[in-house]
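Chemist: take this sequence and fold it.
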Amino acid sequence: MTELILSGACGQMGRAVAALAAAREDCQVAAGIDRRHFPGAPFPIFPSPEQYDGPNGVLVDFSHPDLCQGLLALARERRLPAVICTTGLREEQIGAIHEAASEIPIFFSANMSLGVNLLRELCKRAAQVLGGEYDIEIIERHHNQKLDAPSGTALMLADALAGELSPAPQYVYDRHSRRMKRPKNEIGIHSVRGGTIVGEHEVLFCGEDEVITLSHSASSKRVFAAGALRAAIFLQDRAPGLYDMGDLV
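Modeler: Below you'll find the predicted structure:
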């Protein structure tokens with residue numbers, strides 16, 4: 001049985017993870033971390049990583065970038081495996097995650113969906129075949145409560161594409177102030193925020209007289225919650241190091 005410590009337990013993703021875990025027999029939420037508290041929570045909830053005094057387990061983080069340092073400190077102090085699912089992290093925070101992975105096992109992915117990570121591999125293959133002949137544009141759509149833009153998944157896809165292209169492309173996020181033709185050596189990244197869109201990512205390869213589109217659409221947060229649970233179970237008893245969806249699949 002994999003015991004979970006759920007950071008962001010009272011948020012939408014935290015509740016989705018808790019609900020899925022309650023329906024499984026191979027894992028359970030032992031405690032949560034959240035400054036909020038919902039009535040009738042079936043496990044104890046602590047207001048911050050610094051105040052956590054619950055049992056050990058695999059730390060699963062669906063909270064806020066501001067908690068990153070405290071969560072890593074807790075994980076290192078207690079030698080807890082950690083699944084980091086929070087997006088919008090700064091470069092120095094990502095660096096701290098890599099540093100902590102020398103001491104504890106950390107699973108770190110911009111998106112916990114198996115389908116999105118398959119999309120990433122398909123994008124890499126398309127970039128290998130199409131090279132620099134096709135213009136590449138990424139469009140991501142999310143609900144109006146999402147804080148970061150572009151999404152971490154859009155940047156993950158762009159990085160995967162850039163790794164297959166030479167010379168390395170420039171990322172362009174805004175064209176309205178640019179009065180110029182589109183150069184070849186760039187990837188356009190566009191964000192849409194509205195309503196209750198869970199998450200949609202579309203990658204366009206635009207060539208002469210044809211457009212190839214690769215896309216993924218999530219209709220429920222359950223796909224990300226399920227991926228996080230798979231990652232937590234996978235990470236238990238692993239050696240220190242940095243793991244991602246490539247290791248899981």
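Chemist: the chain: helices as residue ranges?
Modeler: Ranges of helices in the chain, per DSSP state H, are 12-22, 68-78, 91-100, 114-130, 152-162, 222-235, 245-248.
Chemist: same question for the longest one: list its buried residues.
Modeler: Yep, that's helix 114-130 we're talking about. 116-117, 119-120, 123, 126-127, 130 (16 or more other CB atoms under 10 Å). Every C-beta, even on glycine, is put in place using the N, C-alpha and C of the backbone.
Chemist: surely Cys85 and Met13 touch.
Modeler: Yes - between Cys85 and Met13 there is a contact under CB atoms under 8 Å: 7.3 Å.
Chemist: the two: which is more packed in?
Modeler: The residue with more neighbours, out of Cys85 and Met13, is Cys85; 25 against 21, by other CB atoms under 10 Å.
Chemist: list the buried ones in stretch 14-21?
Modeler: Buried, per 16+ other CB under 10 Å, within stretch 14-21: 14-18, 20-21.
Chemist: oops, could you answer that again for stretch 198-209 instead?
Modeler: Per 16+ other CB under 10 Å, stretch 198-209 contains these buried residues: 198-205.
Chemist: repeat that for stretch 32-47.
Modeler: 32-34, 41, 43-46.
Chemist: surely Pro65 is in contact with Thr86?
Modeler: Yes - here Pro65 reaches Thr86: they are 6.1 Å apart, a contact under CB under 8 Å.
Chemist: so those two - more neighbours on which side?
Modeler: Per other CB under 10 Å, whichever of Pro65 and Thr86 has more neighbours is Thr86, with 22 against 14.
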